[in-house]
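Colleague: Next comes the sequence, and after it the predicted model I'd like to discuss.
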Amino acid sequence: MEQAGITERRELYRSPNGDSWYLGREPQNGRAFVIHQPNGPSGGRLSHIELGAFLNSGNGPEQQALLRLIATLVDVPPYADRK
């Protein structure tokens, strides 16, 4: 995947040490993935991570941020509010 082809990305999480994670999308086919940008002292080189691999890599704040974003796509009241 080439960075130049990415037209859309949304910041998911920025860690206290300056690492950033973004949700990106390939404009050619609409496939979503996570972009990780380490902080400058770590090299700052972007990496692209498939969504499944990203979610399976741990349960850190960056994975929780993606899960919260996904949850906003479902317009269903909490279970307790259902009749």
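Modeller: Noted; the coordinates are in hand.

Colleague: Which helix runs longest in this protein?
Modeller: Criterion DSSP state H: the longest helix present in the chain is helix 61-71.

Colleague: Quick check: buried residues in that helix?
Modeller: Of the residues in helix 61-71, Glu62, Gln63, Ala65, Leu66 count as buried by neighbour count, 16 or more other Cβ atoms under 10 Å. (Glycine included, C-beta is placed from N, CA and C.)

Colleague: Any chance of the residues you listed in a markdown table with pLDDT and distance to Arg31 as columns?
Modeller: Formatted as a markdown table, the buried residues of helix 61-71 follow (pLDDT from 0 to 100; distance: Cβ to Cβ, whole Å):
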| residue | pLDDT | distance to Arg31 |
| --- | --- | --- |
| Glu62 | 97 | 19 |
| Gln63 | 97 | 19 |
| Ala65 | 97 | 20 |
| Leu66 | 96 | 15 |
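
Colleague: How about the secondary structure of the spatially most central residue of the chain?
Modeller: In the chain, the centroid-proximal residue (Cα atoms, centre = their mean) is Leu23; its distance is 3.6 Å. Under DSSP: H, G, I helix; E, B strand; the rest coil, the three-state class of Leu23 is strand.

Colleague: Excluding chain neighbours, give the residue nearest to it in space.
Modeller: Leaving out its chain neighbours, the residue that sits closest to Leu23 by Cβ to Cβ, 6 or more residues apart in numbering is Arg10, at 4.9 Å.
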